[in-house]
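1. got a predicted structure plus its sequence, pasted below:
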Amino acid sequence: MISYIPCKTALSKSKLPGLDYTFNPYFGCQHGCLYCYVPDVLKINNMEWGKFVFVKKDILNILRREILKKKIGTVGISTSTDPYQPIEKDLEITRKALIILINAGFPISIQTKSSLVLRDIDIIINKNIDIGLTITSTDSYFQKIFEPNAPPPDERIATLEELSNKGIKTWIFYGPIIPNYNDSEEEIEKIVKIALKTKSKIIYDKLNLKPNVIKRLNSMNINYHGDYSKIFSKIETICKKYNVKCEYAF
């Protein structure tokens with residue numbers, strides 16, 4: 001059964017660098033990542049993150065109306081939900097939104113953890129679209145702890161490679177970095193080599209310690225303390241070694 005919530009706007013103004021608007025087709029996310037700070041941002045306190053997803057009612061018709069009034073700018077898909085989580089396979093809201101935005105001339109930046117994005121290569125290829133895969137770690141053990149319902153790292157890496165091979169501009173979101181879990185020199189070098197192979201830029205980010213994030217990590221006895229300046233310096237050094245572009249997220 002699909003649950004709906006009212007949709008006030010389809011294209012929200014973005015505060016993120018490089019993005020003018022955000023488009024989030026769903027409210028909630030099935031991946032249930034321990035480190036996700038979206039519940040705090042959206043002030044979700046009475047529902048368990050990862051256990052619900054709502055579809056925004058009539059969002060595509062609202063999008064069609066809004067693009068006629070808004071100035072053309074880059075749209076980030078998505079910033080508070082994965083646009084290619086399992087529910088998208090049947091509903092195709094992200095795919096339909098891409099078609100609307102492409103036809104209206106809006107540049108698009110997609111971020112996902114899912115190989116389902118490959119389904120839409122036919123409408124993405126040769127368009128003004130870049131795609132980022134979130135690769136927090138190459139280790140499936142990390143994924144099982146921190147991203148219990150998300151696709152495994154190997155699937156994400158293979159997706160990135162296929163997109164790159166098709167000539168689509170790609171990037172890696174390496175974050176959040178959790179000290180003692182995905183910040184080793186060996187792990188960083190693996191991710192940098194993937195970026196080199198796929199001609200991808202790396203955008204890295206620290207752990208955003210919102211109240212609910214702290215609660216979830218503490219409940220799992222996760223030690224999330226560390227010196228980010230040293231970690232970031234290590235990333236920059238290794239990226240420079242392989243001539244891979246990298247930048248801090250925010």
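-> That came through fine.
2. got the CA positions of stretch 17-33 in CSV?
-> This file holds the C-alpha atoms of stretch 17-33, laid out as CSV (Å, rounded to 0.1, in the frame of the first residue of the first chain):
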residue,chain,number,x,y,z
PRO,A,17,26.9,24.8,-3.2
GLY,A,18,26.3,24.3,-7.0
LEU,A,19,22.6,23.7,-6.6
ASP,A,20,19.8,26.2,-7.2
TYR,A,21,16.9,23.9,-6.4
THR,A,22,16.3,20.5,-4.8
PHE,A,23,13.7,17.9,-5.9
ASN,A,24,12.9,15.2,-3.3
PRO,A,25,10.2,12.9,-4.7
TYR,A,26,9.7,11.0,-1.4
PHE,A,27,9.5,11.8,2.3
GLY,A,28,11.5,9.2,4.2
CYS,A,29,14.1,6.7,3.0
GLN,A,30,14.1,2.9,3.0
HIS,A,31,17.9,2.7,3.4
GLY,A,32,17.7,3.5,7.1
CYS,A,33,21.3,4.7,7.4
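3. what does Asp120 show for phi and psi?
-> Dihedral pair for Asp120: phi -100, psi 20, per degrees, to the nearest 10.
4. and it, how far from Gly32?
-> 24 Å (CB to CB, to the nearest Å). Using the backbone N, CA and C atoms, a C-beta is placed for each residue, glycine as well.
5. neighbour count winner among the two?
-> Asp120 (20 against 17; other CB atoms under 10 Å).
6. roughly how far does Asn61 sit from Ile77?
-> Counting by CB to CB - Asn61 and Ile77 are separated by 17 Å.
7. buried sites along stretch 240-250?
-> Judged by neighbour count (16 or more other CB atoms under 10 Å), stretch 240-250 contains these buried residues: Val244, Cys246.
8. start to end distance for that stretch?
-> Using CA to CA, to the nearest Å, one end of stretch 240-250 lies 20 Å from the other.
9. likewise for stretch 125-143?
-> 29 Å.
10. would you confirm that Val38 contacts Cys29?
-> Yes - Val38 lies in contact with Cys29 (CB atoms under 8 Å); the separation is 7.2 Å.
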